[in-house]
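*Asks:* Dropping a prediction and its sequence here:
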Amino acid sequence: MAVQSKELTVTYKIVPPPSVVAPSSLSQETTHRFPIISLPDLESKDGTDSELKRYYTSLRTSIAEARTKLGEELTAWRDAVGNAELGKEKSVKAEAEDEEEEEENAEE
């Protein structure tokens, strides 16, 4: 049974506020690849269960690696941006609350 190599690919692009000077260790656009063994040929009955188990184990491992890597990088970006985005989040929350109040008043 031939098993080809596949990969989980994650790409992101960060656009920090103009006031933020990003450290040189952080890249604004990044692509990561995490290997996954391919799904076996399901029409062949030879060893399909063990091949499926290997496939899903490989997939889970790749997803966990991707989560860890992205978590580390995005946390570093959050720390680099610091408080520059705080005002942005508050205004979005305030607008949402205002809309909810308007909807409640319209129902009465």
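*Replies:* Yep, that arrived.

*Asks:* thought Pro35 was touching Thr61?
*Replies:* No. Counting by C-beta atoms under 8 Å, Pro35 does not reach Thr61; the two are 9.1 Å apart. Backbone N, C-alpha and C define where each C-beta goes, glycine included.

*Asks:* Okay, the closest residue to Pro23 other than its chain neighbours and Tyr12: tell me how far apart.
*Replies:* The shortest distance from Pro23 to any non-neighbouring residue, by C-beta to C-beta, 6 or more residues apart in numbering, is to Ala80 (5.9 Å). Distance of Ala80 to Tyr12, computed by C-beta to C-beta, to the nearest Å: 14 Å.

*Asks:* Phe34 now?
*Replies:* Phe34 sits 14 Å away from Tyr12, going by C-beta to C-beta.

*Asks:* in the protein, which segments are predicted with low confidence?
*Replies:* Within the chain, the segments meeting pLDDT under 70 span 1-5, 40-47, 84-108.

*Asks:* where do the helices sit along this structure?
*Replies:* Along the chain, counting by DSSP state H, helices occupy 48-81, 86-107.

*Asks:* before we move on, back to that, looking at Phe34 and Tyr12, which one has more neighbours?
*Replies:* Phe34 (18 against 14; other C-beta atoms under 10 Å).

*Asks:* For stretch 54-64, buried residues please.
*Replies:* Under the neighbour-count criterion of 16 or more other C-beta atoms under 10 Å, stretch 54-64 has Tyr55, Ser58, Leu59, Ser62 buried.
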